[in-house]
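>>> Output the structure for:
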Amino acid sequence: MGADDRDAPRAAHGGGARGAPTADVLVLGGGVAGLKAGRDLRAAGLRVVVLEARDRVGGRVWTDRSLAPHPVELGAEFVHGDRADTWDLIRHLGLATRRWPKSDESLVQLEDDRVLTMRAARAADPGFDATRTMALPAVEPGSHEDLDAYLGRVGWTADQRRHVRRAFANAAGDDPQRLSAAAIVDGLATDDAGEGDHRLPGGYEALPLALADGLDVRLGQAATRVAAGPEGVEVDTVPAGNPPGPVTRWRARAAVVALPLGVLQAGTVEFEPGLDALKGDALAGLRMGPVIKLVYRLTAPPFEPDAGVEAVYARGAPPMWWTSSPPGAETPVWTGFVSGAAAADLLRLEPEAALRRALAALEQAAGRPLAFDRGRVVAWPDDPWARGGYSHVVPGHRGAREKLAAPTPPLYWAGEATAPEGCAATVHGAFRSGARAAREVRAVLGA
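Numbering: from 1, shown residues only. Okay, here's the model as predicted:
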């Protein structure tokens with residue numbers, strides 16, 4: 001594991017005595033959603049225990065400090081918007097931030113293979129510009145219509161739809177044919193996070209570590225069974241690993257389930273009542289997008305240092321590239337981001353072969369051969385505690401997120417998949433969902 005967890009909570013042993021409650025509230029999952037819920041509940045005076053399968057907190061926030069002299073994000077990388085829910089915490093912690101200047105200086109490889117700056121490409125091609133603003137006509141999507149079919153119906157050209165696949169849909173976590181057009185339109189209309197993407201140069205892990213500070217977090221505890229009834233909740237965990245260790249039983253008045261969507265859908269955690277009864281419709285309407293990152297420490301910059309290029313939209317796979325290195329770095333770190341079928345194709349290869357094939361997309365856009373001395377494939381679909389990058393709504397299931405978020409006392413549900421469409425699949429969406437779940441628990445427990 002590359003992240004530096006020296007300041008993370010350490011694993012502790014033991015649940016409550018047989019028949020006695022371990023806590024007022026158990027939180028399943030030590031990602032941002034679970035930690036935010038746990039922190040708010042503890043602030044309300046409730047006894048909270050957070051159960052996390054990994055040996056670190058943060059979930060899909062994962063900062064690596066071994067690849068480069070600066071932190072490299074293997075998971076979540078940006079604060080999306082200048083009004084995102086996490087800004088109050090970022091300011092409270094006094095964290096340095098830097099706006100990512102992708103809007104103008106990024107390079108775009110157009111469908112005719114021209115490579116222009118983002119500003120020039122948008123000025124030269126109004127059709128391309130529309131794919132950046134995603135300003136859609138006031139045409140209601142069909143209930144079962146996918147994004148690609150919807151864009152074709154409202155008159156977008158094949159070139160425009162290919163640009164959507166390379167940028168907007170790739171960032172949404174899957175191919176346009178798998179994305180609900182209705183949910184996408186809802187999200188565009190309700191996104192309230194503001195403008196721009198921002199980095200935390202000191203490492204994104206600062207947020208989950210701050211949320212975990214002072215909480216009773218039990219690391220290395222993988223949930224295997226969650227039983228809910230009139231008397232509360234009973235959760236069985238085993239030490240994460242192969243083979244698993246002995247079962248520990250935990251009891252509480254309520255539980256916040258902040259497990260990733262992919263883990264819920266995998267069925268590795270047994271629920272009583274079953275998940276089909278609790279959340280079957282919601283789970284059928286959501287998919288965990290296959291998302292991977294390919295991280296390279298290049299032996300030389302791909303562009304002239306004075307060009308100021310920090311991001312590239314390429315024609316190949318991965319279609320999205322960016323650097324986390326400061327300007328002028330002699331051996332910069334570049335990251336390729338790819339989802340959907342293109343990600344699945346790369347995952348069929350051995351890591352070294354995947355790294356070399358993917359780098360060809362950046363080489364084509366840069367117009368020169370590139371080499372790397374270190375590389376890493378971050379395959380979130382293969383991670384047993386995530387099983388994918390982040391969630392999206394599939395065609396025909398508008399409202400699935402709201403169904404997943406709905407309380408089923410004594411179980412309450414959090415995580416980016418339960419966030420409103422306008423902020424789902426983001427860290428600030430997970431953060432918001434944890435705050436909402438904590439309010440729901442407090443309203444019932446009277447805290």
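>>> for the stretch 51-200 of the chain, which spans come out with low pLDDT?
By pLDDT under 70, the weakly predicted segments of the stretch 51-200 of the chain are 103.
>>> For it, which segments count as helices?
Here the stretch 51-200 of the chain has its helices, by DSSP state H, counting those that start in this stretch, at 87-93, 102-105, 118-124, 126-133, 147-153, 158-164, 170-172, 181-190.
>>> so which of those gets nearest Gly280?
Nearest to Gly280, of all the helices of the stretch 51-200 of the chain, is helix 181-190, at 18.7 Å by CB to CB. Placement of C-beta: from N, CA and C, glycine included.
>>> Redo the helices of the stretch 51-200 of the chain as TSV? Include distance to Thr248.
Below are those laid out as TSV (distance: least, CB to CB, whole Å):
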stretch	distance to Thr248
helix 87-93	31
helix 102-105	46
helix 118-124	52
helix 126-133	51
helix 147-153	44
helix 158-164	48
helix 170-172	38
helix 181-190	39
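>>> Hmm, Ala358 and Leu347 touching each other?
No: using CB atoms under 8 Å, Leu347 is not in contact with Ala358; the gap is 11.1 Å.
>>> need the helices for the stretch 251-400 of the chain, in chain order.
261-266, 275-284, 340-347, 351-366, 400-405.
>>> among those, which is nearest Val185?
Here helix 400-405 is closest among the helices of the stretch 251-400 of the chain (CB to CB), at 14.2 Å.
>>> other SSEs contacting the helix or strand just after that closest one?
Per DSSP states H and E, the first helix or strand lying C-terminal to helix 400-405 is strand 411-413. Under the contact criterion of 3 or more CB pairs under 8 Å, 6 or more residues apart in numbering; DSSP states H and E, strand 411-413 touches strand 248-257, helix 427-445.
>>> per-residue confidence averaged over strand 411-413?
Across strand 411-413, pLDDT averages out at 98.
>>> list the contacts for Pro201?
70-71, 96-98 (CB atoms under 8 Å, 6 or more residues apart in numbering).
>>> Ser143 now?
Here Ser143 is in contact with 182, 396, 398 (criterion: CB under 8 Å, 6+ apart).
>>> before we move on, the earlier item: nearest to Trp380, out of the helices of the stretch 51-200 of the chain?
helix 170-172 (14.2 Å).
>>> who touches the closest one?
Here helix 170-172 has contacts from 179, 184, 289, 318-320, 337-340, 392, 425, using CB under 8 Å, 6+ apart.
>>> Strands - which of these land there?
Those of the contacts of helix 170-172 mapping onto strands are 320, 337-339, 392, per DSSP state E.
>>> Show me how the chain divides into domains.
The chain breaks down by automatic domain parsing into domains covering 23-60+204-288+390-445, 118-190.
>>> what's the distance between Arg165 and Leu211?
From Arg165 across to Leu211, the span is 35 Å (CB to CB, to the nearest Å).
>>> picking up where we left off before, okay, the helices and strands packed on strand 411-413 in JSON lines with mean pLDDT and mean neighbour count next?
Below are those laid out as JSON lines (pLDDT from 0 to 100; neighbours: other CB atoms under 10 Å):
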{"stretch": "strand 248-257", "mean pLDDT": "98", "mean neighbour count": "24"}
{"stretch": "helix 427-445", "mean pLDDT": "98", "mean neighbour count": "23"}
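>>> Looking at those, which is nearest to Asp82?
Short answer: helix 427-445, nearest of those by CB to CB, at 11.2 Å.
>>> list the helices and strands the closest one packs on?
Against helix 427-445 (3+ CB pairs under 8 Å, 6+ apart) you get strand 23-28, helix 32-43, strand 79-80, strand 248-257, strand 411-413.
>>> 10 Å - rerun?
Secondary-structure packing of helix 427-445 (3 or more CB pairs under 10 Å, 6 or more residues apart in numbering; DSSP states H and E): strand 23-28, helix 32-43, strand 79-80, helix 87-93, helix 206-212, strand 248-257, helix 400-405, strand 411-413.
>>> got these as TSV, with distance to Arg114 columns?
Compiled in TSV, the helices and strands packed on helix 427-445 are given as follows (distance: least, CB to CB, whole Å):
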stretch	distance to Arg114
strand 23-28	50
helix 32-43	40
strand 79-80	29
helix 87-93	37
helix 206-212	39
strand 248-257	49
helix 400-405	39
strand 411-413	47
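>>> who touches Gly58 in this structure?
Applying CB atoms under 10 Å, 6 or more residues apart in numbering, we find Gly58 in contact with 3, 5, 8, 30-32, 35, 52, 75-76, 204-209, 211-212, 427.
>>> Is there a neighbour count for Val393? I'd like the number.
26 (other CB atoms under 10 Å).
>>> Only the buried residues of stretch 317-336, if you could.
Residues of stretch 317-336 classed as buried by neighbour count (16 or more other CB atoms under 10 Å): 317-325, 329, 331-336.
>>> same thing with stretch 33-45?
Here stretch 33-45 shows 33-42, 44 as buried, counting by 16+ other CB under 10 Å.
>>> What is the nearest of those residues to Glu272?
Gly34 (20.7 Å).
>>> Could you verify my assumption that that closest one touches Ala223?
No: with contact defined as CB atoms under 10 Å, Gly34 does not reach Ala223; the gap is 11.4 Å.
>>> Now do the shared contacts for these two.
Common neighbours of Gly34 and Ala223 (CB under 10 Å, 6+ apart) are 28, 51-52, 257, 259.
>>> what two of those have the greatest distance between them?
Glu52 and Val257 (13.0 Å).
>>> Name the residues contacting each of the two.
Common neighbours of Glu52 and Val257, using CB under 10 Å, 6+ apart, are 27-29, 34, 223.
>>> that's a strand at Val49, yeah?
Yes: residue state for Val49 (DSSP: H, G, I helix; E, B strand; the rest coil) corresponds to a strand.
>>> Thr237 against Gly29, yeah?
No: Thr237 is not in contact with Gly29 according to CB under 10 Å; the separation is 11.8 Å.
>>> list residues touching both of these two?
51-53, 223.
>>> Of all the helices and strands packed on strand 411-413, which one comes closest to Asp129?
Going by CB to CB, the one of those nearest Asp129 is helix 427-445, 26.8 Å.
>>> The closest one vs strand 248-257, what angle?
110 degrees (axes from the mean of the first three to the mean of the last three CA atoms, to 10 degrees).
>>> distance between helix 427-445 and the chain's centre?
18 Å (CA atoms, centre = their mean, to the nearest Å).
>>> With stretch 425-441 instead?
14 Å.
>>> Now stretch 106-122: buried residues?
106-111, 115-118, 121-122.
>>> Make a markdown table from the residues you listed and add distance to Arg83 to it.
Converted to a markdown table, the buried residues of stretch 106-122 look like this (distance: CB to CB, whole Å):
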| residue | distance to Arg83 |
| --- | --- |
| Ser106 | 23 |
| Leu107 | 28 |
| Val108 | 27 |
| Gln109 | 32 |
| Leu110 | 32 |
| Glu111 | 34 |
| Val115 | 33 |
| Leu116 | 30 |
| Thr117 | 27 |
| Met118 | 23 |
| Ala121 | 27 |
| Arg122 | 24 |
